[in-house]
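Participant: From the sequence below, what's the structure:
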Amino acid sequence: MADGGWVRMPDGTVVVAMSLPRPGGPGRVRVLVHAQNRARALTRLRNLGLRSVYLRGNGAPPSPDEVTAVLHHPEGVVWRANPECAVERWRPMGALPRRELRSGHRPS
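Facilitator: Next comes the predicted model:
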């Protein structure tokens, strides 16, 4: 389970934001996903190796800056290690170390 939320865009798509345990290290990462609906956003994350991802409620929806960041990324999925730091750059999902997730480790 993760802290997160979502926002519906004018074209009907959604942007989902989640704070997840950092794979292979301490702390959390903030992940943003742009998709047709919430279910597809979660499926995209699960297909990337984040198996135990669930969105319950809308307690931490994406900020306008986060929405802009994910909409301007070609893959529509980005993350950063320090969600509170406005200076840190958003990174593509390929840059998130997921070796532990592939070996069967599930984030708690």
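Participant: and the residue nearest the centre of the chain, how far is that from Pro62?
Facilitator: In the chain, the centroid-proximal residue (C-alpha atoms, centre = their mean) is Val31; its distance is 2.1 Å. Distance, Val31 to Pro62, by C-beta to C-beta, to the nearest Å: 10 Å. Placement of C-beta: from N, CA and C, glycine included.
Participant: between these two, what contacts are shared?
Facilitator: Common neighbours of Val31 and Pro62, using C-beta atoms under 8 Å, 6 or more residues apart in numbering, are Ala17.
Participant: And the helices in this structure, which stretches?
Facilitator: For the chain, the helices defined by DSSP state H cover 38-47, 64-71, 99-102.
Participant: closest to Arg91 out of those?
Facilitator: Evaluated over the helices of the chain, closeness to Arg91 peaks at helix 64-71, with 10.3 Å, by C-beta to C-beta.
Participant: Tell me which residues of the closest one come out buried.
Facilitator: By 16 or more other C-beta atoms under 10 Å, the buried positions in helix 64-71 come out as 66-67, 69-70.
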